[in-house]
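Participant: sequence below, structure please.
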Amino acid sequence: FAWFGDREAVIDSMQHAGIWGPAILGILFVLQVFLAFIPGQALMVASGFLYGFWGGFLISWLSLVVGGEIAFILARRHGRTFAEKWISVSILGRWDQAAKGQGIAFFAITLVMPLVPNDAMCYVAGLGRISRIRFSIANLLGRGIACILTSALGAFGGNIPTQGWIMLLVLFVAVGLVWMILRNRVSHFLIA
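Facilitator: Residues are numbered from 1 along each chain as shown. So this is what the prediction gives:
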């Protein structure tokens, strides 16, 4: 278990894996949606370090989207009993309440925020009323933003160029504004 949390150990293993490294890393990303002890953020940073910004971004983004879609589909198909095998009952219950009536913006943001159980949100969405296509859009957006940030951190370390920080800040502000606007419009529509 310590291997998963040790960025240097992951990097060393992937470098020794050669051409299989990206495939192994992709499988680990999918598995971490189901196995909480695999720290996704550490893998995402290692991915950016090993394969550069674009390579790390693509490996982590595509793999996490696939893992999220699988979790959503399985939770939708097999229900709460299945989801509770992977996510604690208390976390599932708490986020079920928060997610009621929410849509794309809510789920996209929860898949980015570091203090939110990101992978659990895929199960919450699968148990909720959001359509699969709307969740897929949220999954693509949220995971994309998270992977941009962590791949940049892995690829550039603390030396992200000023333009990169400005782009990341603008991206966060834009996502937050879109979420607030959409949430207010939906609330106004429901009340009127």
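Participant: max-length helix in this structure?
Facilitator: helix 40-86 (DSSP state H).
Participant: and that helix, what does it pack onto?
Facilitator: Judged by 3 or more Cβ pairs under 8 Å, 6 or more residues apart in numbering; DSSP states H and E, the packing partners of helix 40-86 are helix 2-5, helix 7-17, helix 21-32, helix 89-99, helix 118-127, helix 132-156. (Glycine included, C-beta is placed from N, CA and C.)
Participant: and the ones you listed, which is most packed in?
Facilitator: Highest mean neighbour count among the helices and strands packed on helix 40-86 (mean count of other Cβ atoms under 10 Å): helix 118-127, with a mean of 26.
Participant: tell me what angle that one forms with helix 89-99.
Facilitator: Taking axes from the mean of the first three to the mean of the last three Cα atoms, to 10 degrees, one finds helix 118-127 and helix 89-99 inclined to each other by 60 degrees.
Participant: dump helix 118-127 to CSV, keeping only the CA atoms.
Facilitator: These are the backbone C-alpha positions of helix 118-127, laid out as CSV (Å, rounded to 0.1, in the frame of the first residue of the first chain):
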residue,chain,number,x,y,z
ASN,A,118,-14.4,12.4,-6.2
ASP,A,119,-14.7,8.8,-7.0
ALA,A,120,-17.7,8.4,-4.7
MET,A,121,-19.5,11.0,-6.7
CYS,A,122,-19.6,8.6,-9.7
TYR,A,123,-21.6,6.2,-7.5
VAL,A,124,-23.8,9.0,-6.1
ALA,A,125,-24.6,10.1,-9.7
GLY,A,126,-25.4,6.5,-10.7
LEU,A,127,-27.8,6.2,-7.8
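Participant: could you list the residues in contact with that helix?
Facilitator: Helix 118-127 has contacts (Cβ atoms under 8 Å, 6 or more residues apart in numbering) with 32-34, 36, 40, 67-69, 71-76, 79-80, 83, 86-87, 91-92, 95-96, 99, 107, 110-112, 135, 138-139, 142, 146.
Participant: okay, now the closest residue to Gln32 other than its chain neighbours: neighbour count?
Facilitator: Spatial nearest neighbour of Gln32, excluding adjacent residues (Cβ to Cβ, 6 or more residues apart in numbering): Ile38 at 3.7 Å. Applying other Cβ atoms under 10 Å, we find 19 residues neighbouring Ile38.
Participant: could you do the one 10 residues further on as well?
Facilitator: Applying other Cβ under 10 Å, we find 27 other residues in the vicinity of Gly48.
Participant: show me what contacts Pro114?
Facilitator: Gln41.
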